[in-house]
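Asks: generate a structure from the sequence data that follows.
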Amino acid sequence: SLVDSGTLYGQAGLKGEVNVFNQMLTLNKRLSGLKPFLAAHWQNQQKYLANGKIDTAGWLDTCKQVKNGH
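Replies: Numbering: from 1, shown residues only. Next up is the predicted model:
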């Protein structure tokens, strides 16, 4: 969850993991379609880390944008 990962790893730790996952998705063409989902999750994680609040409406909007290919 956003809360657990933010608490356990913090922004610096998560940023490193996001970079690693992004590289994995870039190198594996079968998984490259997952990059928008990683970006959406990271965007929402950063918002949580910045203010300590989970924006469920924003999260849903981001997911809808990914689903619709934006």
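Asks: secondary structure element holding Thr7?
Replies: Using DSSP states H and E, Thr7 sits in helix 2-27.
Asks: for whatever helix or strand comes next after that helix, what is the distance to the chain centroid?
Replies: Per DSSP H and E, the first helix or strand lying C-terminal to helix 2-27 is helix 35-51. With Cα atoms, centre = their mean, to the nearest Å as the basis, helix 35-51 stands 4 Å off its chain's centre.
Asks: could you pull out the buried residues of the helix holding Thr7?
Replies: Leu2, Ser5, Gly6, Leu14, Val18, Phe21, Leu25 (16 or more other Cβ atoms under 10 Å). Heads up, the C-betas are built off the backbone N, CA and C, glycines and all.
Asks: and which of those is nearest Asp61?
Replies: Leu2 (15.5 Å; Cβ to Cβ).
Asks: could I get the contacting residues of that closest one?
Replies: Leu2 sits next to Asn44, Gln45, Tyr48, Ile54 when contact means Cβ atoms under 8 Å, 6 or more residues apart in numbering.
Asks: can we see that at 6 Å?
Replies: With contact taken as Cβ atoms under 6 Å, 6 or more residues apart in numbering, Leu2 is in contact with Gln45, Tyr48, Ile54.
Asks: give me the buried entries from those residues.
Replies: Buried among these by 16+ other Cβ under 10 Å: Gln45, Tyr48.
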